[in-house]
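*Asks:* Structure for this input, please:
(chains A and B)
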Amino acid sequence: RKEVEQDPGPFNVPEGATVAFNCTYSNSASQSFFWYRQDCRKEPKLLMSVYSSGNEDGRFTAQLNRASQYISLLIRDSKLSDSATYLCVVNIAGGATNKLIFGTGTLLAVQP
Amino acid sequence: SQTIHQWPATLVQPVGSPLSLECTVEGTSNPNLYWYRQAAGRGLQLLFYSVGIGQISSEVPQNLSASRPQDRQFILSSKKLLLSDSGFYLCAWSVFGGGSYEQYFGPGTRLTVT
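*Replies:* I've put the predicted structure just below:
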């Protein structure tokens, strides 16, 4: 089983739509969770951290379910500029440094 | 504010040639530093990480090596490139010992081995 699994997509949605991405992780001791965004041929950029109580940043809402080892990202009112690959990221607990495991990403294409 | 630089941005090298990619971070002290590779259509693979000058940990056996000669400088090298070394190489930093674990990436170097 992969340490972080995501549906690769692509998710093709019209502008204004709401879209949700899901992610599962295998290490129950993981403590920190993130969503990164990666545009084509660019570096990943931190979109938001995911907190146990769930958190929102504008049109983006992240949820964490520790019992099910499941993370989600909801994007409301999709914009053309939201088109990108969204990476689910989980830290590896323990050790002297911060090692993150990246999912392979979910591709979102917002259509006009 | 912190910034991270990588160069070159793109590189085309023949098989068997040496490689040196450089990464520098500004605006922070004693960061953790990381080298990743992203092959075409694949996820990010952690290659090396460093928690301090001269301290390098390798994640996967490979044809590459890393060095950290200064606090905010991280170098990725190879003596002889293989075709399979082609990919998008990303350097990242994070806060040393911080309670949060997010990492911040440089713009990357796109390497094509021919």
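*Asks:* Am I right that A:G16 sits in a helix?
*Replies:* No - going by DSSP: H, G, I helix; E, B strand; the rest coil, the assignment for A:G16 is coil, not a helix.
*Asks:* so what's the backbone phi/psi at it?
*Replies:* Reported as degrees, to the nearest 10, the phi and psi values for A:G16 are phi 90, psi -10.
*Asks:* hang on, it packs against A:D77?
*Replies:* Yes - using C-beta atoms under 8 Å, A:G16 makes contact with A:D77 at a distance of 5.7 Å. The C-beta positions use only the backbone N, C-alpha and C, and glycine is treated the same way.
*Asks:* Near chain B, which residues of chain A are found?
*Replies:* Contacts of chain A with chain B, taken as C-beta under 8 Å from any C-beta of the partner chain, map to A:31-32, A:34, A:41-46, A:49, A:87, A:91, A:96-100, A:102-105.
*Asks:* Now do the same contact list for A:S32.
*Replies:* By C-beta atoms under 8 Å, 6 or more residues apart in numbering or on different chains, the contact set of A:S32 is A:S49, A:V90, A:N91, B:S100, B:Y101, B:E102.
*Asks:* Report the separation between it and A:Y25.
*Replies:* From A:S32 across to A:Y25, the span is 11 Å (C-beta to C-beta, to the nearest Å).
*Asks:* Overlap in contacts, these two.
*Replies:* A:V90.
*Asks:* show me what contacts the closest residue to B:S65 other than its chain neighbours?
*Replies:* Of all residues not flanking B:S65 in the chain, B:S77 sits nearest, at 5.2 Å (C-beta to C-beta, 6 or more residues apart in numbering or on different chains). Counting by C-beta under 8 Å, 6+ apart, B:S77 makes contact with B:P18, B:L19, B:S20, B:L21, B:L64, B:S65, B:A66, B:S67.
*Asks:* partners of B:S77 in the sheet?
*Replies:* Here B:S77 shows beta-bridge partners B:S20, B:S65, assigned using DSSP bridges.
*Asks:* do B:Q70 as well
*Replies:* B:Q73.
*Asks:* how many other residues sit next to it?
*Replies:* 11 (other C-beta atoms under 10 Å in any protein chain shown).
*Asks:* My guess is it contacts B:G54. True?
*Replies:* No - using C-beta under 8 Å, B:Q70 is not in contact with B:G54; the gap is 10.0 Å.
*Asks:* Need phi/psi at residue 82.
*Replies:* All of this is about chain A. According to degrees, to the nearest 10, A:D82 has phi -80, psi -10.
*Asks:* my bad, the chain I had in mind was chain B
*Replies:* phi -110, psi 160.
*Asks:* Next up, the contacts around it.
*Replies:* B:L82 neighbours (C-beta under 8 Å, 6+ apart): B:V15, B:N63, B:V113.
*Asks:* do you know how far B:Y104 is from A:K45?
*Replies:* In terms of C-beta to C-beta, B:Y104 sits 8 Å off from A:K45.
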